[in-house]
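Participant: This is a predicted model, with the sequence first.
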Amino acid sequence: MTDTMQSPAHIPAAAGAEPIIRIEAVDKWYGKFQVLTGINLNVAAGERIVVCGPSGSGKSTLIRCINRLEVVQKGRIVVDGIDLTAGGKNVDSVRQEVGMVFQQFNLFPHLTILQNCILAPMRSRGLSQEEAETIAMKYLTRVRIPEQAKKYPSQLSGGQQQRVAIARALCMTPKIMLFDEPTSALDPEMVKEVLDTMIGLADDGMTMLCVTHEMGFARSVADRVIFMADGKIIEQAPPQQFFSNPQNEKTRNFLGQIL
Ligand code: ADP
Ligand code: MG
């Protein structure tokens, strides 16, 4: 609790509580290329983390490991008590707990907004169509586009599509939300509506890991900013400290380029 802009509703887990995400000594290779080296990261329930760093530093790979879209060759990843490195049978259960939002929205183009939102809850959670639709409308209302439910993704703006992607992820009632540069593909005038949606989630206490270079968002929402370079976590600090007094030269160079 370091930032004066923390919302009062935000109560991070007590220090010493079991972290909801535990990453220990993780190494990962793509073939012979080592993409992650010695990654250690604990995330408390309710914590909001922003991950930044140069292109190619391994940010996407790291967060994709958390819902096992990528496997690691060394080390351990435990998400809400589920050991992802222990064997294949845990994959489905972790995907139900971890929602992910991508740069390119990844909505199914041939399905309506509502159909996009009810698919996974019906298939993975076994909800009836009626139950799934009720939940979908709740979250589409939450992201302020319930009136778009019967349309197809191509009929929506980029900002609206990304808000649908967030609503779709929320329909699985995840405990953790991962965002991989969710505003990078948007026209500038649509960035705010998506960030506002993310701020709303943060205010509700969602555990969030966001890869983003939106440093205003990092300053106002993050509990911790993590800087990656060359597959390693180089530096991490609360935003105030991270921006005002970066310790590593690579961090200073990076901030000099983007701020
Ligand atoms: P970032 O998100 O920080 O830009 P990524 O995690 O996407 O970084 O990629 C890190 C490095 O791994 C880059 O050099 C990239 O080219 C490489 N890489 C990413 N995905 C793959 C893959 N599926 N196969 C081989 N190399 C990959
Ligand atoms: Mg990336």
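Facilitator: Yep, it's here. Ligands and ions are numbered 1, 2, ... in the order given.

Participant: rest of the way, CA atoms for contacts and neighbours
Facilitator: Will do.

Participant: Within range of ligand 1, give me the residues from the chain.
Facilitator: Within the chain, the positions adjacent to ligand 1 are 30, 35, 55, 56, 57, 58, 59, 60, 61 by C-alpha under 6 Å from any ligand atom.

Participant: beta partners for the first one?
Facilitator: What it means is residue 30. residue 33 (DSSP bridges).

Participant: For residue 203, see how far away it is.
Facilitator: Residue 30 sits 37 Å away from residue 203 when distances are taken as C-alpha to C-alpha, to the nearest Å.

Participant: out of those two, which sits in the busier spot?
Facilitator: residue 203 (18 against 11; other C-alpha atoms under 10 Å).

Participant: Can you tell me which of the residues of the chain next to ligand 1 lies closest to residue 228?
Facilitator: The nearest member of the residues of the chain next to ligand 1 to residue 228, counting by C-alpha to C-alpha, is residue 57 at 6.0 Å.

Participant: in the chain, which spans are strands?
Facilitator: With DSSP state E as the criterion, the chain has strands at 21-30, 33-43, 48-52, 74-79, 82-83, 98-101, 176-180, 207-211, 224-229, 232-237.

Participant: about what we covered before: farthest-separated two in the residues of the chain next to ligand 1?
Facilitator: Across the residues of the chain next to ligand 1, the longest distance by C-alpha to C-alpha is 16.3 Å; it joins 30 and 55.

Participant: Make CSV out of the strands of the chain and add mean pLDDT.
Facilitator: Listed next are these as CSV, based on pLDDT from 0 to 100:
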stretch, mean pLDDT
strand 21-30, 98
strand 33-43, 98
strand 48-52, 98
strand 74-79, 96
strand 82-83, 92
strand 98-101, 97
strand 176-180, 98
strand 207-211, 98
strand 224-229, 98
strand 232-237, 98
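
Participant: Tabulate those strands in a markdown table, adding columns for distance to residue 167.
Facilitator: Formatted as a markdown table, these follow (distance: least, C-alpha to C-alpha, whole Å):
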| stretch | distance to residue 167 |
| --- | --- |
| strand 21-30 | 22 |
| strand 33-43 | 23 |
| strand 48-52 | 18 |
| strand 74-79 | 22 |
| strand 82-83 | 24 |
| strand 98-101 | 10 |
| strand 176-180 | 11 |
| strand 207-211 | 15 |
| strand 224-229 | 25 |
| strand 232-237 | 30 |
